[in-house]
Structures are given as C-alpha cells and as structure tokens.
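In: Sequence first, predicted model second:
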Amino acid sequence: MDAEGVLVLKGVERRYQQGSKTLVILNGAEFVLRAGEMVALVAPSGAGKSTLLHTAGLLERPDGGDVILNGRACGRLGDDERTAIRRNDIGFVYQFHHLLPEFSALENIMMPQLVHGLSVKEASDRAMQLLDYMKIGKRAQHRPSELSGGEQQRVAIARAVANAPLVLLADEPTGNLDPVTASYVFDALEALVRHSGLAALIATHNHDLAQRMDRRVTLADGKITSF
Ligand SMILES: Nc1ncnc2c1ncn2[C@@H]1O[C@H](COP(=O)(O)OP(=O)(O)OP(=O)(O)O)[C@@H](O)[C@H]1O
C-alpha cells in the first residue's frame, strides 16, 4: 500500500463542457484517505461532490492528475483494468439504493460476490452475516419493494462491502431518509466500517453525521480543504 494512504488524489482535474463553456469542477484536488479512516465530504449542492466520488471511484477519468489506489496509479488505466479494480477494491453507496428489484435482499448482496468467483454457499453465508450485522437478518428473503427505506439502504451498504473492498465511497447514503432513520442507518454503516477497518469517504449534507466522522473536508474552487 502507498505509505501515504489507501486512496490518494494527486492534482486531480475534472472539467465538463457545456456548449461553448468549460465547467471546471476539480482543479488540482489533493486528498489522502488512510486505512480505517472515515472522512465526511460536506459541500454545497453543485460544488462537485459526486464528480469527486465518481473520479476517486474510477467511474470517471480525471482530465489531469491521478487517482492512486493502494499505491497503484489508476488515472490512465484502460477500461477493463479500471472495472476490475472497481469491482475488487471499491464499494459504492448512493442516495438511492439501486438494488435489483426482482431479487431478495440476500441475493442482492450475494451478486457481487458471485461475480467475484465465490461459491453460492460462501456468498450466501457472507451475505447472511452482513444482514445480521446490519440487524436485518429477518428480512433476508424480502425483495426491495418489501423493505422500508432504511432497510433498503442497509442492504445497499451490505452489498457495497460484500467483496471486502479497500475503500467505501458513499454519496449521500442517508440523504433520502428522515433524520431518525438516517441516524440508525448511519449507526449501522459506521459500525460496519469500524469493524472491517475500511477507509470511507462519505458525502453528506447532514452536519450531525459529519461530526461523527474522523475529519471533515469540503470542496471550494475545485480544491479539497479541511474544515
Ligand atoms: N456529465 C456532466 N456534464 C456537464 N456538467 C456536469 C456533468 N456532471 C456534473 N456536471 C456539473 O458539474 C457540477 C458539479 O456536479 P456534482 O453532481 O458533482 O455536484 P454535487 O456537489 O454532487 O451536487 P449535489 O449535492 O446537488 O448532488 C454541477 O454544476 C453539474 O451541473
């Protein structure tokens, strides 16, 4: 691993073209996420939080600079390599759960593990363990539509960590929940991250949740700063 951190952004640039206008979203962004660390990303709407998470998570390619995961420079790798790294090393949680509607909670969590080459028994055991850990073991056979919003998000979180990634990236993981449910879901997320020693970067508008993380960063003028 890079001695500096599990995820390192070095001078990352990201621009979008809107007609004749160039929007500069990331402008030499520097960031280090260390193993076991939970960092809150708090910034106004439109500041570039999703862009940052997508670039750090190899869903988008930086226009300049580099994203270094576990010591490996990933910015200029080909699509296949980026996809493989994403599958193995990065877990994503979004504001909306994006679970597959026709599959049960258990099956949704098993899916990435089966793609990863685990046997059905191994994947099922691990998925059940995660559901129990998230205190929704009794909901294992329910489809997403049969779960509450908070339960759906717990399943999405369990799915994101099922492959034991190095880094968890979350984009407003509780943004769609009422404050009480958000707090419970965050409890479960935090317990899981702490228990597994994952490094996590979590975008949130919720200042109470941000306060519970190890440190807080923001985005201003395309740069990442602590506050
Ligand atoms: N594919 C794209 N093409 C053009 N502009 C884009 C694209 N994606 C994002 N943008 C613009 O880049 C800026 C940053 O967007 P981004 O979604 O990263 O912000 P955000 O901080 O996550 O916002 P929110 O909190 O509202 O989700 C916005 O002005 C957005 O309109």
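Out: Now that the structure is in, tell me what you want to look at.
In: which stretches of the chain have low pLDDT?
Out: Low-confidence segments of the chain, defined by pLDDT under 70: 1-3.
In: Which secondary structure elements does the top helix by length along it sit against?
Out: Longest helix of the chain, by residue count under DSSP state H: helix 179-196. Secondary-structure packing of helix 179-196 (3 or more Cβ pairs under 8 Å, 6 or more residues apart in numbering; DSSP states H and E): strand 38-41, helix 120-133, helix 149-161, helix 207-211. Every C-beta, even on glycine, is put in place using the N, C-alpha and C of the backbone.
In: can you give me the offset of the shortest one from its chain's centre?
Out: What it means is strand 38-41. What separates the centre of strand 38-41 from the centre of its chain is 11 Å, taken as Cα atoms, centre = their mean, to the nearest Å.
In: try the third one
Out: Relative to the centre of its chain, helix 149-161 is centred 12 Å away, using Cα atoms, centre = their mean.
In: Helix 179-196 and whatever helix or strand comes next after that helix, what's the angle between them?
Out: Next along the chain after helix 149-161, taking DSSP states H and E as the criterion, comes strand 167-171. Inter-element angle recorded for strand 167-171 and helix 179-196: 170 degrees (by axes from the mean of the first three to the mean of the last three Cα atoms, to 10 degrees).
In: Could you tell me the angle between strand 167-171 and helix 149-161?
Out: Using the same axes, to 10 degrees: strand 167-171 against helix 149-161 is 150 degrees.
In: quick one: is strand 167-171 near the ligand?
Out: No - Strand 167-171 lies out of reach of the ligand by Cβ under 6 Å from any ligand atom, never closer than 7.0 Å.
In: mind listing what's buried in that strand?
Out: Of all the residues in strand 167-171, those buried under the rule 16 or more other Cβ atoms under 10 Å are 167, 168, 169, 170, 171.
In: Adding distance to residue 81, write those out as JSON lines.
Out: Below are these laid out as JSON lines (distance: Cβ to Cβ, whole Å):
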{"residue": "167", "distance to residue 81": "17"}
{"residue": "168", "distance to residue 81": "21"}
{"residue": "169", "distance to residue 81": "18"}
{"residue": "170", "distance to residue 81": "24"}
{"residue": "171", "distance to residue 81": "23"}
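In: And those residues, which is closest to the ligand?
Out: residue 171 (7.0 Å; Cβ to the nearest ligand atom).
In: Hmm, residue 94 and the closest one touching each other?
Out: Yes - if you go by Cβ atoms under 8 Å, residue 171 and residue 94 touch, sitting 5.3 Å apart.
In: Then residue 50 would be within a helix, right?
Out: Yes - looking at residue 50 with DSSP: H, G, I helix; E, B strand; the rest coil, it is inside a helix.
In: Report the beta-bridge partner residues of the spatially closest residue to it that is not a sequence neighbour.
Out: Sequence neighbours aside, residue 171 is the residue nearest to residue 50 in space, at 5.6 Å (criterion: Cβ to Cβ, 6 or more residues apart in numbering). For residue 171, the beta-bridge partners are residue 203 (DSSP bridges).
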